[in-house]
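Visitor: The sequence and its predicted three-dimensional model are supplied below.
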Amino acid sequence: MRVEDQPALAAPLPRSQSRFGGRIWSSFDDGASSVLLLPAVFILLLMAIFPLIISLYLSFSRFRFVRGGFEINFVGVRNYQKLLFGSEQRHFLGRFGEITPLGWILLALLALVMAYLFFQYITSSRRTIFGLLMRVLTVVITGGLAWMIVSTLSGRGLPGTLIVTLIMVFGSVTLQYLIGLGLALLLTQNLPGKRFFRITFLLPMMITPVGIGFLMRMLSNTTLGPFSPLWQAAGLGDFSWVDNAHTARFTIILGDVWQWTPFMFIILLAALEGVSKETIEAALVDGANRLQLFRNIIMPSIVPVSTTVILIRLIEAFKIVDIPNVVTGGGPGTATETVTLHAYNSWRALDLGASAALSYLLLFVVTFVALVFVNIIRRRVLEAV
C-alpha cells in the first residue's frame, strides 16, 4: 500500500479549542466532586458538629420542660460553678480530707519529677515562650489533680466522680498494658498450642460491655455465683465485693481489664513479631541475657506502638459507663460512679445543662491527658529510643 492510500490521521485541534475544552472538563470535574462531597459534609455537620455546638450552648443554660414544649434559659457559667464550687462539688470533685504522711511523700516525689522535667526544658535550646507557658499550665493542673486524688483518698476524704474516673482509667490501662505485654511475650515463644491461645485471648473483646458487667456481677456474688463454694470455703461467704468502696472499684477495673487486655495483646504481639530476628540472634551470640535483650532491643523496638496503643486506650477508658452502671449502679454511694455515668444520671434527671457541663469538663480532662502524653511523655520516650 502506498503512503498516499493510507487513511489520513485526524488533525489535532487548534490550541485555543484544546484549552477551552480542557477548561470545560476541569470545571465539570470540580463541580461533580463538590456535588458528591456535599452529602458527606452535610451528614458530618448534622451528626457531629451541630450537636457539639448545641451541647456547648446547653452547658451554659438551664433546660426544662414546660407545657407544650421546653424552655432554655441562658445562665452563664452557673452549671460549671455548681460542679466546681457549689452544691455538686462533693459529687464531682469529692470531699477533701487530711493528707497522710504517705500522701505528702507521694506529692513530694511528683513535685520533684515535675521540677526536674521543667528544669530540663528551661535549659534546653528548643525552649519557646508558648512551650514554657504550656508547661507551667501542665504543672499547675497536674499538681492540682494529684492533690485532689491524694486528699480525697486520705483520712475522711471521699473521692468524687472525677477522681474515681482517673483511678479507674490509669489503674485499668496500666494493668491492661502489663498483662497484654506479658501474654504477647509468652506467645512469641515456641509453645505448643499457641495458635489456640491467640484466638482464645480475643474472646473477651467480642463481648459487649453490658455482658461483661453482668459477668462480673455474677462472679463477684459470694452466695449465688459460680465461685461461691470457693468464697465460702475461704470464710468469705458473707463478704460482698460491691458493698466496699475499694473492692467495688477493683471489680470494675477487673472487668475493664478482662475486656480490653486482648486489644493490647493483639497489637503488642504484632509489634513483637516485627522485631528483627537477626538482631536478636546476634545479641544472643554476643552473650546478652534475656533481661538485656528485652531492655535494649525488644522494648525500644515496640515503644512507638506501645505509646500509640496506650494513648488510644487512655482516651477510650475515660468513656467507661456500662460496667459500673450494670455491676454497682455507681455505688456504694459514688464510689464507682464515673463522670460519664454522672452525666448520664443528670440527663435522666432532665438536668441537661449539668449533663452537658459534665461532658465538657470530661472533654477538657481527656484533652489535657492526651496532650501531656503526646507532647511530653511520648516525645521523650521516642527521643530516648
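Guide: That came through fine.
Visitor: show me where pLDDT drops low in the protein?
Guide: The model of the chain has pLDDT under 70 over residues 1-34, 378-385.
Visitor: Strands along that one, start to end?
Guide: 61-66, 69-74, 94-95, 158-159 (DSSP state E).
Visitor: winner for burial among these?
Guide: Ranked by mean neighbour count, those are led by strand 158-159 with a mean of 22 (mean count of other Cβ atoms under 10 Å). The way it works is simple: take the backbone N, C-alpha and C, and place the C-beta from them, glycine included.
Visitor: Could you save the strands of the chain as TSV and add columns showing distance to residue 114?
Guide: Listed next are those as TSV, based on distance: least, Cβ to Cβ, whole Å:
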stretch	distance to residue 114
strand 61-66	38
strand 69-74	39
strand 94-95	22
strand 158-159	22
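Visitor: Can you check which of the ones you listed gets nearest to residue 312?
Guide: Residue 312 sits nearest to strand 158-159 of all the strands of the chain, at 25.6 Å, using Cβ to Cβ.
Visitor: that older thread, between the strands of the chain, which one is closest to residue 337.
Guide: Closest approach to residue 337 among the strands of the chain is made by strand 158-159 (9.8 Å; Cβ to Cβ).
Visitor: re the thing from before, for residue 132, find the nearest of the strands of the chain.
Guide: Residue 132 lies closest to strand 94-95 among those, at 31.6 Å (Cβ to Cβ).
Visitor: Residue 345: which of the strands of the chain is closest?
Guide: Across the strands of the chain, residue 345 has its closest neighbour in strand 61-66 (15.6 Å, Cβ to Cβ).
Visitor: Residues touching the closest one, excluding its own?
Guide: Outside strand 61-66, the residues that touch it by Cβ atoms under 8 Å, 6 or more residues apart in numbering are 70, 71, 72, 73, 74, 75, 78, 79, 350, 351, 352, 353.
Visitor: what about the last one, how many neighbours?
Guide: Spelled out, that is residue 353. Using other Cβ atoms under 10 Å, residue 353 has 26 neighbouring residues.
Visitor: hang on, isn't it packed against residue 59?
Guide: Yes - in terms of Cβ atoms under 8 Å, residue 353 counts as a neighbour of residue 59; the distance is 6.3 Å.
Visitor: Now list whatever residues contact both of these two.
Guide: Joint contacts of residue 353 and residue 59 (Cβ under 8 Å, 6+ apart) are residue 79.
Visitor: Could you measure from residue 288 over to residue 215?
Guide: Residue 288 is 43 Å from residue 215, where distance means Cβ to Cβ, to the nearest Å.
Visitor: list the contacts for the residue lying closest to residue 77 once chain neighbours are set aside?
Guide: Nearest residue to residue 77, sequence neighbours excluded (Cβ to Cβ, 6 or more residues apart in numbering): residue 60, at 6.8 Å. Residue 60 sits next to 74, 75, 76, 77, 79, 353 when contact means Cβ under 8 Å, 6+ apart.
Visitor: which strand residues sit across from the first one in the sheet?
Guide: If I follow you right, that is residue 74. The residues listed as beta-bridge partners of residue 74 by DSSP bridges are residue 61.
Visitor: Any figure for the gap between it and residue 64?
Guide: Look at residue 74 and residue 64: by Cβ to Cβ, they are 13 Å apart.
Visitor: what's the answer for the fifth one, then?
Guide: Going from residue 79 to residue 64 by Cβ to Cβ gives 13 Å.
Visitor: What number of residues are in the vicinity of residue 152?
Guide: Residue 152 has 24 neighbours, counted by other Cβ under 10 Å.
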